[in-house]
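Have a look at this prediction, sequence included:
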There are 2 protein chains.
Amino acid sequence: MAAGQRRHSFLEKRDYQVSRPNLQVALDHSDLPSAIADVVKVGAEVDIIEVGTILCLQAGEVAIQSMRALFPDKRVIADTKCADAGGTVAGNCRRAGADWMTVICCATLPTMIAAAKEVKEVQVELYGDWTFEQAQTWLEVGISQVIYHQSRDALFAGESWGEKDLEKVKRLIEMGFRVSVTGGLTIETLKLFSDLEVFTFIAGRGITEAKDLALAARAFQEEIKRIWE
Amino acid sequence: MAAGQRRHSFLEKRDYQVSRPNLQVALDHSDLPSAIADVVKVGAEVDIIEVGTILCLQAGEVAIQSMRALFPDKRVIADTKCADAGGTVAGNCRRAGADWMTVICCATLPTMIAAAKEVKEVQVELYGDWTFEQAQTWLEVGISQVIYHQSRDALFAGESWGEKDLEKVKRLIEMGFRVSVTGGLTIETLKLFSDLEVFTFIAGRGITEAKDLALAARAFQEEIKRIWE
């Protein structure tokens, strides 16, 4: 299928328009003040603001509340990587102001479904030995977002984006998922995905550790536009 | 092997003594004040205090700090169910006062190892389709605690403790793991485990939703003593 056709059907299936991949900043700070200091610099430049797992665990719901208060019109994601008590965790995230939240791929289907009832959408974080058969069961209960993750610790251990990752991302997109990708992304690595209809690129340190955060985010956006528009 | 012999070798392998299963209270509150109000009633009656995932995500590090301050001599566990950034999450938990923390079974081995370097011990939370082959790799890198978990959402969906659960717990113990069990435990269900050298029983609502929390915890302890001493 041609890229244009795929993009067209992609648009029709969703309740919002996607002309090119989104840019999401992951706030993986260990304290809320530094996360706030960073997000006020970069929030306007990105499409989605993620309260990262580290920040969720350190600061709690006030981190989500802060992002919602600072950016009332942006999509805010709580990266809880929820594994259990899906309804409770998701209800808490929704009340704090999150639009979407993440669940871990090894959570049970009832956990995912319970979470999906509370927030606008859940995204399944893919870690470890998940299978495409499992992924199909998520689609069947109406969960159509996954996050393909190069583990930060795996990256530190010397692993990186390769052909087998790109093949898996492609297959997930073809199954009907909106696929976000994350893990060690830089401006230079975006072109690896140029043949794929990636839903969202998630950048953490690639933005938050830049000298000029807004400039770094704009550079990501420009490269995304250059490739996908 | 006779129970007496197994218990003896069990003792020799560890740097602390276990004469019977521990009792752990899981604080899965959605706000810190109510968790504190409960833990001051019940903390002295239990062996281990767990800052549950829900509480970690809602209150952040101050939840761990509060438990450490209230019970300086108790073992405190942060149930982060960490899936990535193991070193950062574990360092944060240690600084907040946690002795142990949990990682999710689908985390990569580098994530688990990174976490294990920062806290005294990590415990692997078993959800979804983990395998005994994976479990063997954890043992081989020195991770010898697992938590066998009946998912709360699975329990709500009508699943419960059965023979296949007990068989898996038994096999994990025989592999050399200290196995904590959790999920819908009541005084009545403890005897299901009477043939097993369970390391810790984790009770949440079974204690925190009792009319008299201390009394409920003491009833658990008495049943544990009756069966295992």
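Sure, I can see it. The structure displayed is predicted, hence computed values, not measured ones.

So which residues of chain A form strands?
Secondary structure of chain A (DSSP state E): strands at A:22-27, A:48-51, A:75-82, A:100-104, A:121-126, A:145-149, A:178-182, A:200-203.

centre of the chain versus stretch A:199-218, how much separation?
Distance of stretch A:199-218 from the chain centroid (Cα atoms, centre = their mean, to the nearest Å) equals 14 Å.

where does chain A have low pLDDT?
Residue ranges of chain A with pLDDT under 70: A:1-18, A:151-159.

swap the cut-off to 50 and go again
Applying pLDDT under 50 to chain A flags residues A:1-15, A:17.

max-length helix in it?
Longest helix of chain A, by residue count under DSSP state H: helix A:213-228.

List the buried residues for that helix?
Judged by neighbour count (16 or more other Cβ atoms under 10 Å in any protein chain shown), helix A:213-228 contains these buried residues: A:213, A:216-217, A:219-221, A:223-224, A:228. (Each C-beta comes from the backbone N, C-alpha and C, glycine too.)

Any residue of stretch A:123-134 touching chain B?
Yes - using Cβ under 8 Å from any Cβ of the partner chain as the criterion, contacts between stretch A:123-134 and chain B involve A:125, A:127-131, A:134.

Give me the contact list for that stretch.
By Cβ atoms under 8 Å, 6 or more residues apart in numbering or on different chains, the residues outside stretch A:123-134 that reach it are A:77, A:79, A:81, A:100-106, A:112, A:135, A:138, A:143, A:145-149, A:151, A:171-172, A:175, A:180, B:83-84, B:104-108, B:129, B:131, B:134.

one step back: dump the strands of chain A to TSV, plus mean neighbour count.
Putting the strands of chain A into TSV (neighbours: other Cβ atoms under 10 Å in any protein chain shown) gives the following:
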stretch	mean neighbour count
strand A:22-27	24
strand A:48-51	26
strand A:75-82	28
strand A:100-104	27
strand A:121-126	24
strand A:145-149	23
strand A:178-182	25
strand A:200-203	25
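
The ones you listed: which one's closest to residue A:66?
Ranking these by proximity to residue A:66 (Cβ to Cβ) places strand A:48-51 first, at 8.5 Å.

Quick one: list the elements packing against the closest one.
strand A:22-27, helix A:61-70, strand A:75-82 (3 or more Cβ pairs under 8 Å, 6 or more residues apart in numbering or on different chains; DSSP states H and E).

Endpoint to endpoint, stretch A:87-103 covers what distance?
With Cα to Cα, to the nearest Å applied, stretch A:87-103 spans 11 Å between its terminal residues.

how near is the residue nearest in space to the middle of chain A to chain B?
The geometric centre of chain A, computed from its C-alpha atoms, lies nearest to residue A:180 (Cα atoms, centre = their mean), at 5.0 Å. As judged by Cβ to the nearest Cβ, to the nearest Å, residue A:180 and chain B stand 14 Å apart.

Quick one: residues contacting that residue.
By Cβ under 8 Å, 6+ apart, the residues touching residue A:180 are A:22, A:24, A:123, A:145-148, A:198-202.

Could you do residue A:229 as well?
So residue A:229 contacts A:19-20 (Cβ under 8 Å, 6+ apart).

ok, now how distant is it from residue A:196?
Counting by Cβ to Cβ, to the nearest Å, the separation of residue A:229 from residue A:196 is 15 Å.

cool, and residue A:79?
Look at residue A:79 and residue A:196: by Cβ to Cβ, they are 22 Å apart.

likewise residue A:168?
From residue A:168 across to residue A:196, the span is 11 Å (Cβ to Cβ).

before we move on, what about residue A:93?
For residue A:93 relative to residue A:196 (Cβ to Cβ), the value is 29 Å.

residues contacting residue A:22?
Residue A:22 is in contact with A:47-48, A:180, A:199-201, counting by Cβ under 8 Å, 6+ apart.

meant to ask about residue A:208, not that
Listed by Cβ under 8 Å, 6+ apart, the contact set of residue A:208 reads A:25-29, A:38, A:42.

what do you get for residue A:89?
Counting by Cβ under 8 Å, 6+ apart, residue A:89 makes contact with A:80, A:82, A:101, A:115, B:53-54, B:57.

If we use 10 Å, what do you get?
Residues near residue A:89 by Cβ atoms under 10 Å, 6 or more residues apart in numbering or on different chains: A:56, A:78, A:80-83, A:101, A:103, A:111, A:114-115, A:118-119, B:28, B:30, B:53-54, B:57-58.

do the same with residue A:50
So residue A:50 contacts A:24-28, A:56, A:67, A:75-79, A:98, A:100, A:102, A:147, A:180, A:182, A:200, A:202-204 (Cβ under 10 Å, 6+ apart).

hmm, 8 Å instead?
By Cβ under 8 Å, 6+ apart, the residues touching residue A:50 are A:24-27, A:76-79, A:202.

between these, which is nearest chain B?
Closest approach to chain B among the contacts of residue A:50 (Cβ to the nearest Cβ): residue A:78, at 8.0 Å.

What residues are bridge-paired with the closest one?
Legend: beta-bridge partners of residue A:78 under DSSP bridges are residue A:51, residue A:101.

how about it, what does it touch?
Residue A:78 is in contact with A:50-51, A:56, A:64, A:93, A:96, A:98, A:100-102, counting by Cβ under 8 Å, 6+ apart.

The nearest residue to residue A:124 once chain neighbours are set aside and residue A:136: what is the separation?
If you skip the residues right next to it in sequence, residue A:124 has residue A:146 as its closest partner in space, 4.7 Å away by Cβ to Cβ, 6 or more residues apart in numbering or on different chains. Residue A:146 sits 12 Å away from residue A:136, taking Cβ to Cβ as the criterion.

How about residue A:34?
Here the criterion is Cβ to Cβ. By it, residue A:34 lies 40 Å from residue A:136.

which residues does residue A:224 contact?
A:20-21, A:23, A:190, A:201.

Tell me the one of the residues you listed nearest chain B?
Closest approach to chain B among the contacts of residue A:224 (Cβ to the nearest Cβ): residue A:201, at 17.3 Å.

What's opposite the closest one in the beta bridge?
Beta bridges link residue A:201 to residue A:23, residue A:181 when assigned by DSSP bridges.
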